[in-house]
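Participant: predicted structure and sequence below. I'll ask about it afterward.
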Amino acid sequence: MAKIIYTHTDEAPLLATYSFLPIVSAYAAKAGVDVETRDISLAGRIVAQFPERLTPEQAQPDALAELGELATRPDANIIKLPNISASVPQLKAAIAELQGKGYDLPDYPEEPSTDEERDVRARYDKVKGSAVNPVLREGNSDRRAPASVKNYAKAHPHRMGAWSADSKTAVATMGHDDFFSNEKSVVLPAADTLRIEHVAADGTVTVLKDGLEVEAGEVLDGTFMSAAALDAFLVEEVRRAKEQGVLFSVHLKATMMKVSDPIIFGHVVKAFFTDVFERYGADLAAAGLSPNDGLGSIFAGLKNLPNGAEIRAAFDAALADGPELAMVNSDKGITNLHVPSDVIVDASMPAMIRGGGHMWGPDGNEADALAVIPDSSYAGVYQAVIDDCKANGALDPATMGSVPNVGLMAKKAEEYGSHDKTFEIRTDGTVRIVDGAGATVMEHAVAAGDIWRACQTKDVAIRDWVKLAVTRARATGVPAVFWLDQNRAHDARLIEKVREYLDDGSAGELGGLTLEIMAPADATKYSLERIRKGEDTISVTGNVLRDYNTDLFPILEVGTSAKMLSIVPLMNGGGLFETGAGGSAPKHVQQLVEEDYLRWDSLGEFFALAASFEHLAKFTGNARAQVLGDTLDAATGTFLNEDRSPGRKLGTIDNRGSHFYLALYWARELAAQTEDAELAAAFAPLAEKLGAEEEAIVAELVAVQGKPADIGGYYQPDDEKASAVMRPSAIFNEALASL
């Protein structure tokens with residue numbers, strides 16, 4: 001039997017899987033396609049790290065490692081749903097939940113001091129942050145809005161906030177002494193094993209990382225952010241926000257940049273509450289309350305301090321005296337500084353721009369905001385969009401063009417692969433990278449508190465990326481722009497390679513194609529000019545900009561990044577099919593638990609699944625898999641035209657109802673197709689049954705809404721409880737079982 005691997009992940013995507021996967025499995029089985037699951041959820045990844053501490057019933061294999069190996073094989077066919085890229089607070093919460101369920105897991109050691117604690121910390125470090133994507137992404141990214149989604153957005157444009165020419169909203173970024181400005185980059189002439197070491201002012205050498213393997217032609221970068229410059233910048237921006245009367249907000253990616261960005265977030269918290277930390281910093285540190293974990297963690301821990309009430313009063317006074325903070329949830333008093341993983345730059349900035357440059361304030365109203373993005377590598381992209389909207393008004397989804405993306409991410413390319421090479425410097429000195437012969441490859445003078453990191457980008461990944469860009473430009477006839485800045489050390493190296501691979505013919509025939517290289521801010525302006533004329537432009541970017549662009553433009557174009565078609569052609573011939581972004585997933589889980597209503601939209605899964613079937617058909621010769629893919633595409637078109645995505649309020653269909661309608665339309669398409677008469681006959685009774693019982697099934701699905709739902713856990717739901725919640729229609733379940 002041909003096989004598709006469907007990933008078992010987290011939060012709203014996981015809950016949706018309890019509803020949707022039974023449909024997928026039943027339909028696929030009729031075409032001789034087996035659908036298997038692998039648990040790569042945060043809870044599953046944690047459990048897999050400690051097999052010796054668990055009972056046989058609790059233990060589970062390392063599914064992520066298994067899928068990582070599969071991704072290097074030509075028979076790989078993996079559907080990857082959004083997963084939690086865990087910040088430390090999320091990791092701790094998941095550990096606590098599992099411990100409460102009887103798992104004998106150790107606590108997360110903040111400052112490991114013994115070999116055992118260091119071993120535990122190392123295991124947990126494999127789980128936090130972007131632990132999943134770099135392992136599975138053995139190819140580069142081809143991400144775009146499907147034509148059906150784009151056409152629907154044009155016919156039914158989503159609301160866009162109005163922009164004012166005198167809006168005070170702006171981006172604040174360092175521009176000096178940051179990762180961008182301090183970067184050094186080399187192309188390695190031969191395979192080697194490097195080490196990263198810190199040389200203190202007194203000559204003491206500390207090895208930060210040993211055994212760093214590199215390949216010939218690989219691009220290696222090193223850079224750092226000055227802690228002193230960061231603090232001075234942040235204090236000034238707090239003052240500026242207060243003076244201008246705008247909301248203060250910081251936009252980072254503490255989930256993916258799991259070492260650097262929580263530290264930067266902690267600097268922001270301390271800069272906003274300078275006086276509080278000067279007075280009580282020692283008390284907070286002694287209690288293990290770190291600004292890196294955010295205000296929420298600090299406030300929760302103050303109750304255990306003898307002077308906790310006094311410290312909380314000092315925080316409240318500082319909140320009242322400083323600039324107003326942008327809010328994550330005004331009703332619940334959750335600020336931009338409460339949780340480092342609550343405000344993710346690639347989701348938060350597009351939402352601000354779509355909202356007319358506004359964020360939510362403490363009073364529950366929208367207001368202009370100062371968006372603090374400390375590192376200047378990509379901050380200019382968002383400022384360019386803000387400038388364009390101030391000058392030309394909001395973009396119009398009914399007429400605007402599109403910006404599909406080809407993203408460099410294979411082999412852990414660029415910053416998202418840097419976590420094991422990112423360090424907070426303990427003492428003044430020098431950080432250097434040394435080759436196998438003992439020669440210094442590069443070095444930086446650093447001070448205590450600076451954040452230093454190295455990044456790797458393998459030549460084979462760059463070659464594949466350039467070829468994929470040419471392939472997409474050829475297939476679409478659309479101009480392709482490489483978003484690379486000659487003034488950034490890493491980008492300058494990539495520009496050399498891009499030009500080489502375009503010129504030597506390895507990327508394919510270039511005749512008639514428009515291929516440009518522009519710095520990110522300039523590329524943004526160019527793309528926006530074309531967008532406003534209804535024209536498309538392919539953005540060809542590195543790994544982080546891939547993430548940013550595939551949220552920024554889809555949120556403006558089609559209202560959400562969850563509706564994107566995301567294909568990763570794996571370099572060894574397999575396929576990885578991603579189903580959209582998961583930034584809104586936590587809010588949807590909260591609503592389900594409170595109201596038994598899941599607003600999560602699975603449209604991205606429909607597109608990914610169709611592409612997966614198509615890939616499987618080509619690889620295995622299974623003609624029925626192609627029929628499944630073709631009919632699913634057609635059904636998805638009907639789904640969009642009939643507007644069967646989850647509604648906005650109770651009493652309308654939610655995620656479960658949208659799955660029912662997709663199943664109905666898919667069954668009808670399968671019953672009506674003429675490619676395979678036996679398959680058509682198999683689905684005809686189901687199509688008739690679902691159509692006849694439509695009203696009754698929808699009534700069963702809607703009837704459960706409006707009351708709390710028990711799923712048995714946030715990070716590790718109880719399968720029986722979650723399945724019961726997500727499959728409440730007996731009629732639909734029986735019809736599906738009859739297939």
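Facilitator: Yep, it's here.

Participant: okay, now the domains of this structure?
Facilitator: When the chain is parsed with automatic domain parsing, its domains come out as 2-138+570-738, 170-179+226-392.

Participant: span of the last one from start to end?
Facilitator: Okay, so that is domain 170-179+226-392. The stretch domain 170-179+226-392 measures 16 Å between its terminal residues, going by C-alpha to C-alpha, to the nearest Å.

Participant: cool, stretch 184-191 as well?
Facilitator: Counting by C-alpha to C-alpha, the terminal residues of stretch 184-191 are separated by 19 Å.

Participant: now the helix or strand of the chain with the lowest mean pLDDT, how far from the chain's geometric center?
Facilitator: Confidence across the helices and strands of the chain bottoms out at helix 133-136, with a mean of 84, counting by mean pLDDT, DSSP states H and E. Distance of helix 133-136 from its chain centroid, counting by C-alpha atoms, centre = their mean, to the nearest Å, is 12 Å.

Participant: elements contacting it?
Facilitator: Other elements packing on helix 133-136 under the criterion 3 or more C-beta pairs under 8 Å, 6 or more residues apart in numbering; DSSP states H and E are helix 63-70. Quick note: C-beta positions are derived from backbone N, CA and C, even for glycine.

Participant: contacting residues around the least confident helix or strand of the chain?
Facilitator: The list of residues contacting helix 133-136 from outside it, by C-beta atoms under 8 Å, 6 or more residues apart in numbering, reads 64-65, 67-68, 71, 78, 80, 85, 409, 412, 416-417, 568, 576.

Participant: possible to save those as JSON lines with distance to D39 and neighbour count?
Facilitator: Putting the contacts of helix 133-136 into JSON lines (distance: C-beta to C-beta, whole Å; neighbours: other C-beta atoms under 10 Å) gives the following:
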{"residue": "L64", "distance to D39": "9", "neighbour count": "23"}
{"residue": "A65", "distance to D39": "12", "neighbour count": "14"}
{"residue": "L67", "distance to D39": "10", "neighbour count": "20"}
{"residue": "G68", "distance to D39": "14", "neighbour count": "17"}
{"residue": "A71", "distance to D39": "16", "neighbour count": "23"}
{"residue": "I78", "distance to D39": "13", "neighbour count": "23"}
{"residue": "K80", "distance to D39": "13", "neighbour count": "25"}
{"residue": "S85", "distance to D39": "16", "neighbour count": "24"}
{"residue": "M409", "distance to D39": "23", "neighbour count": "26"}
{"residue": "K412", "distance to D39": "22", "neighbour count": "23"}
{"residue": "Y416", "distance to D39": "23", "neighbour count": "24"}
{"residue": "G417", "distance to D39": "24", "neighbour count": "21"}
{"residue": "V568", "distance to D39": "20", "neighbour count": "27"}
{"residue": "L576", "distance to D39": "17", "neighbour count": "28"}
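
Participant: which parts of the stretch 401-550 of the chain are helices?
Facilitator: For the stretch 401-550 of the chain, the helices defined by DSSP state H, counting those that start in this stretch cover 459-476, 489-503, 520-532, 543-557.

Participant: tell me which of these sits most buried.
Facilitator: With neighbours taken as mean count of other C-beta atoms under 10 Å, these reach their highest mean count in helix 543-557, at a mean of 26.

Participant: what about it, average pLDDT?
Facilitator: Per-region confidence: helix 543-557 scores 94 on mean pLDDT.

Participant: rewinding a little: can you name the next helix or strand after the least confident helix or strand of the chain?
Facilitator: Remark: after helix 133-136, the chain's next helix or strand is strand 141-144, criterion DSSP states H and E.
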